[in-house]
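J.: here you go, sequence then predicted model.
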Amino acid sequence: MAHELEINEATGQASFASLRQPAWHNLGTVFQEEVSTSEMLELANLHNWNVRLEDVAVPAGFTSDRNYSFVSRTNPFNAEQTDILGVVGERYVPLQNEDLFSFGDNLLDGGGRWETAGSIKGGRQVFGSIALERETVLDPNGVSDVVKSYLLLNTSHDGSIAIQASITPVRVVCANTLNLALSSLKGKKGLKQSFKIRHTQTAEGKIAVAREALGLANHYLDEFDLLAKEMISKEITQAKFDEIVLKAYPMPTKDSKGSMKKWADKIDLIQSIYVGDYNNTISGTAWGALNALTERLDWYRNARGTNNESIYASASGFDPVINAEKNRLMNLVLASV
């Protein structure tokens, strides 16, 4: 599977770092101790990019009523090289990686820690994840099932996306991500799973942004805890799970371009995940059904497009197609039990 991590072609060095975990596709830097924001930026080769605007020259003989600029940066692996990241309009304000990650220090003071950071698509997008102190512990039949909570940050340097954050619960045993839109349940309002981050330069503003992010995270996670405990308490039979899977992925009406085999392989895979090593303690519950269905999206499904990295796309919570599919599956499971 292809990845989009930024790579120094001369040395093989990657713009990615992770805490105590195997580096992405065996690329990047693995560190063993918790680090500060500035240290994380350096480990992931995200520091001192000097993102800036440069005028786009209008060719002779042409006129334009709009002003455009190149977004450029100093290459993180070669300070003598300048990279063009995109073309933007006159209202665009460049953002440094240090600015994106700066409010993280206020989250770290609250007990969080940096876990990953990196850049993809030639530096056009950067991301990072902070592990929060909060976790959900479910104990079905005396077997603990732990879900940890993360806040993921993401932005672009080509104007394609704003600064945004996503609250992402991750089931520890299988690293299955459960970025679910709980606001769609029971008329809940204000339960944002992802939201935009306000850019501010002042220390007071950064503290306010951190408090706002933690407040949204805690509100969302309160409801997530209730949902997880409700789902693990609902027992289902194998026949009911089979019914849920067929509702989620009905049999094709005709065999076109191997669609019948692809469908059968998908069903077999979901069934094997459901009773596999990571889910055998929770199979027979609505919680087990949801995790079997969503685990396939995170770890066994090719990401959209020809060269996207599926781990980043699905686990980040920033891919609207995968988010919509996970929420469709959640609502289907809940409606069936």
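T.: On my side now, so go ahead.
J.: can you give me how far stretch 158-165 is from the chain middle?
T.: Chain-centre distance of stretch 158-165: 14 Å, with C-alpha atoms, centre = their mean, to the nearest Å.
J.: quick check: buried residues in that stretch?
T.: Buried residues in stretch 158-165, defined by neighbour count with 16 or more other C-beta atoms under 10 Å: 158-159, 163-165. The C-beta positions use only the backbone N, C-alpha and C, and glycine is treated the same way.
J.: stretch 273-285 now?
T.: Buried residues in stretch 273-285, defined by neighbour count with 16+ other C-beta under 10 Å: 273-274, 278-279, 281-285.
J.: give me the subset of the residues you listed that lies in strands.
T.: Using DSSP state E, no member of those falls in strands.
J.: among those, which ones are in helices?
T.: 273-274 (DSSP state H).
J.: out of the buried residues of stretch 273-285, who's nearest residue 17?
T.: Out of those, the one with the shortest distance to residue 17 is residue 278. That distance is 26.2 Å, counting by C-beta to C-beta.
J.: tell me the spacing between the closest one and residue 286.
T.: Per C-beta to C-beta, to the nearest Å, residue 278 is found 17 Å from residue 286.
J.: and residue 231, by the same measure?
T.: 4 Å.
J.: measure the residue lying farthest from the centre of the chain to residue 69 for me?
T.: Relative to the C-alpha centroid of the chain, counting by C-alpha atoms, centre = their mean, residue 61 is the outermost residue, at 46.0 Å. Distance check for residue 61 against residue 69: by C-beta to C-beta, it reads 21 Å.
J.: parallel or antiparallel, list what pairs with the longest strand seen in the chain.
T.: Determined from DSSP E, the single longest strand within the chain is strand 125-138. Strand 125-138 sits in its sheet next to strand 113-120 (antiparallel), strand 145-156 (antiparallel), going by DSSP bridges.
J.: including mean pLDDT, mean neighbour count and distance to residue 91, could those go into TSV?
T.: Formatted as TSV, those follow (pLDDT from 0 to 100; neighbours: other C-beta atoms under 10 Å; distance: least, C-beta to C-beta, whole Å):
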stretch	mean pLDDT	mean neighbour count	distance to residue 91
strand 113-120	86	24	24
strand 145-156	85	21	15
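J.: tell me which of these approaches residue 223 most closely.
T.: When the strands paired with strand 125-138 are compared for distance to residue 223 using C-beta to C-beta, the nearest one is strand 145-156, at 12.4 Å.
J.: next structured bit after the closest one?
T.: The first helix or strand that comes after strand 145-156 along the chain, using DSSP states H and E, is strand 164-171.
J.: now tell me what touches that following strand from outside.
T.: Contacts made with strand 164-171 from outside it, assessed by C-beta atoms under 8 Å, 6 or more residues apart in numbering, are listed as 129, 136, 145-155, 176-179, 192-197, 213, 216-217, 220-221, 224, 291, 315-318.
J.: run the last query once more with 6 Å
T.: Residues outside strand 164-171 that contact it (C-beta atoms under 6 Å, 6 or more residues apart in numbering) are 147-154, 177-179, 193-197, 213, 217, 220, 224, 317.
J.: before we move on, what about stretch 266-286?
T.: Contacting residues not belonging to stretch 266-286 are listed as 143, 145, 173-174, 231-232, 234-236, 245, 249, 288, 291-292, 295-296, 300, 333, 337 [C-beta under 6 Å, 6+ apart].
J.: from those residues, which would you call buried?
T.: Burial of these was assessed by neighbour count (16+ other C-beta under 10 Å); the buried members are 145, 174, 231-232, 234, 236, 245, 288, 291-292, 295-296, 333, 337.
J.: among those residues, which one has the lowest pLDDT?
T.: Here the lowest pLDDT out of the buried ones among the contacts of stretch 266-286 sits on residue 174, with 73.
J.: now that residue. Nearest residue, chain neighbours left out?
T.: residue 278 (3.8 Å; C-beta to C-beta, 6 or more residues apart in numbering).
J.: so how far is residue 53 from the one you found?
T.: According to C-beta to C-beta, residue 278 and residue 53 sit 48 Å apart.
J.: quick one: terminal-to-terminal distance for stretch 229-246?
T.: Between the opening and closing residues of stretch 229-246 lies a distance of 25 Å (C-alpha to C-alpha, to the nearest Å).
J.: now swap in stretch 17-35 and tell me
T.: Across stretch 17-35, first to last residue, C-alpha to C-alpha, it's 11 Å.
J.: for that stretch, what is the average pLDDT?
T.: Stretch 17-35 shows an average pLDDT of 68 in the prediction.
J.: pretty sure residue 34 is touching residue 114, no?
T.: No: shown here, residue 34 and residue 114 do not form a contact pair, counting by C-beta atoms under 6 Å, at 7.3 Å.
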